[in-house]
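Colleague: This is a predicted model, with the sequence first.
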Amino acid sequence: MKKFFAIMLIAVMLASISGVRLSYAGEIDLLLQKLVEKGVLTPGEAQQIGTETKEQVKKEIAEGKYSSLPSWAQNIKLKGDFRLRFQSLHEKNTRDIGKDTTIGRIRVRLGLEGKVNDKLKVGVGIATGSGDPRSTNITLGGSQAKKTVILDYAYAKYDHRPWLSLAGGKMLLSDVLWEPTDLIWDTDITPEGASIGLQKALGPDTSVFLKTGPLVIVEDTSTISGAMAYLAQPGITHNFSSNLSLKAALTYAYFQMKDSVASSYSKGQNTKNGTSYRYNYSILNPALEFSLKEPFKAVGLNVESLKLFGEYVNNLQVAKKNTGLSAGLQFGNAKVEKWGDWQFRYVYAMLEKDSVLDILPDSDRYSGKTGMRSHEASINFGLAKNTSIGVDVYRSWNIVGTATKAPETLVQVDWNMKF
């Protein structure tokens, strides 16, 4: 009877709240505390009621059914992250003279997702940066000038059926293709154009997918329409058991680049005629990833997850210096979300000079150039909920020509915070 009375009081209190009230949780806690003090509830009953009430409110807000919030507020999700970075770069020029660069950087990203209706949503993101498609970092120091914020992405996504989705605009990379490593595509890239996504379950353990669509790659070219790309990625996921799964895909991407003036963000490694690309790029890219849960349980080691992955790339438009590959592993916790979670990752990568378009690869791996090989090792450790510290080390070499290997070592120490 007492519990029923308490629940009724809380229901009346919630119903009386109008508009967007961010303090409802604190008001519920205060009411429950008063009921405990007056002997209406025990501390255990109060804790149970509070937990159940808050979970119900969260569920109703997520479903857009919470009557005390306007519908537009319930249909919008806001997320963001902040990263503080210390970076040290050691590189050697053709005369083997050491050169070190040490800088501090920050990155801030804010994303908003609005639900237009049950099938249509719009996503908008802003971030720090200068406009470089492969970086949202801002370097600290210098003139102490105010830092710039840019539009990172803006897209619409229409989930027409459970097996069909359409997206267009400046999209998230995950809506365009799946990639186990950043061998070809830097993870900061937000492609522009349109994408069609298909997926179909073939049984309880197997499903297939297809991602395809046209993309606009370069704006500042000599062609009227800009340089275009056309991408198709069929793939499959399969669960061999409750602990072992495979994801694999074969991507074909055609980049219409021949005779187009190189982007200002080109790193200059692709073969060019003056400032224009000499070749188109028809890239064939098989990729796979094995995931294993509790891989070392048999020997008593408490490791939550192990992944083994790799990619290969071949530019069919060029006869030589046209291949690349990556291979690596990741183990530890599946996600670093709280204190004590950890994750180690290692990737070996190699790209020949004309294997991929030189405005796409990871900008931290040999400054985003092709014509290189590299080792990368990183470890990330959880400091508390939604915050972690990570160390990422790249050791890279030039493989274009025979004059010098021009080795470089890049060390990044990151403090990551999500909100």
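Modeller: Here it is on my side, so go on.

Colleague: Residue 386 reaches residue 336, doesn't it?
Modeller: No - the criterion here is Cβ atoms under 8 Å, and residue 386 misses it with residue 336 at 9.8 Å. C-beta: built from backbone N, CA, C; applies to glycine.

Colleague: Which one of the two is surrounded by more residues?
Modeller: Set residue 386 next to residue 336 and count neighbours by other Cβ atoms under 10 Å: residue 336 wins out with 22 against 14.

Colleague: Is that one in a helix, a strand, or coil?
Modeller: Following DSSP: H, G, I helix; E, B strand; the rest coil, the label given to residue 336 is coil.

Colleague: what sits against it?
Modeller: Counting by Cβ atoms under 8 Å, 6 or more residues apart in numbering, residue 336 touches 342, 343, 380, 381, 382, 388.

Colleague: Kindly report the same for residue 198.
Modeller: Counting by Cβ under 8 Å, 6+ apart, residue 198 has contacts 163, 164, 209, 210, 211.

Colleague: What is the nearest of the contacts of residue 336 to residue 277?
Modeller: residue 380 (37.0 Å; Cβ to Cβ).

Colleague: where's the closest one relative to residue 415, distance?
Modeller: 11 Å (Cβ to Cβ, to the nearest Å).

Colleague: Spit out the residues that contact these two alike.
Modeller: Residues within reach of residue 380 and of residue 415 at once, by Cβ under 8 Å, 6+ apart, are 388, 389.

Colleague: And those two? Which one has more around it.
Modeller: Relative neighbour count places residue 380 above the other of residue 380 and residue 415, with 20 against 14, counting by other Cβ under 10 Å.

Colleague: Name the nearest residue to that one, ignoring sequence neighbours.
Modeller: residue 390 (4.0 Å; Cβ to Cβ, 6 or more residues apart in numbering).

Colleague: Show me what the host helix or strand of the one you found pairs with in its sheet, parallel or antiparallel.
Modeller: Element membership for residue 390 (DSSP states H and E) is strand 387-398. Strand pairing for strand 387-398, determined by DSSP bridges: strand 372-384 (antiparallel), strand 408-418 (antiparallel).

Colleague: Tell me if I'm right that residue 92 and residue 406 touch.
Modeller: Yes - at 6.2 Å, residue 92 and residue 406 qualify as touching, with contact defined as Cβ under 8 Å.

Colleague: who's more crowded, the two?
Modeller: residue 406 (18 against 15).

Colleague: Wait, a helix at that one?
Modeller: No - under three-state DSSP, residue 406 sits outside any helix and is assigned coil.

Colleague: ok, now how distant is it from residue 353?
Modeller: From residue 406 over to residue 353 (counting by Cβ to Cβ), the distance is 14 Å.

Colleague: quick one: low-confidence ranges for the stretch 151-300 of the chain?
Modeller: Residue ranges of the stretch 151-300 of the chain with pLDDT under 70: 217-227.

Colleague: burial count for residue 264?
Modeller: The burial count for residue 264: 11, using other Cβ under 10 Å.

Colleague: any idea which element it lies in?
Modeller: Counting by DSSP H and E, residue 264 is part of no helix or strand.

Colleague: Quick check: phi and psi at it.
Modeller: phi -60, psi -20 (degrees, to the nearest 10).

Colleague: what about the stretch 301-419 of the chain, any weak spots by pLDDT?
Modeller: 402-404.

Colleague: OK, contacts around the closest residue to residue 109 other than its chain neighbours?
Modeller: Leaving aside its sequence neighbours, residue 109 sits nearest to residue 127 (Cβ to Cβ, 6+ apart; 4.3 Å). By Cβ under 8 Å, 6+ apart, the contact list for residue 127 reads 107, 108, 109, 110, 136, 149, 150, 152.

Colleague: how would you label the fifth one: helix, strand or coil?
Modeller: Just to be clear, that refers to residue 136. Of the three states, residue 136 takes coil under three-state DSSP.

Colleague: got the contact list for it?
Modeller: 107, 109, 127, 128, 129, 150, 152, 188.

Colleague: What of the third one?
Modeller: Residue 109 is in contact with 80, 81, 125, 126, 127, 128, 136, 152, counting by Cβ under 8 Å, 6+ apart.

Colleague: and the next element down the chain from the helix or strand where it lies?
Modeller: Secondary structure assignment for residue 109, by DSSP H and E: strand 98-115. Where DSSP H and E defines the elements, the next helix or strand beyond strand 98-115 is strand 120-128.

Colleague: What residues of that following strand count as buried?
Modeller: 121, 123, 124, 125, 126, 127, 128 (16 or more other Cβ atoms under 10 Å).

Colleague: Parallel or antiparallel, which strands does the helix or strand following that strand pair with?
Modeller: Under the assignment DSSP H and E, the closest C-terminal helix or strand after strand 120-128 is strand 138-139. Partners of strand 138-139 in the sheet, by DSSP bridges, are strand 98-115 (antiparallel).
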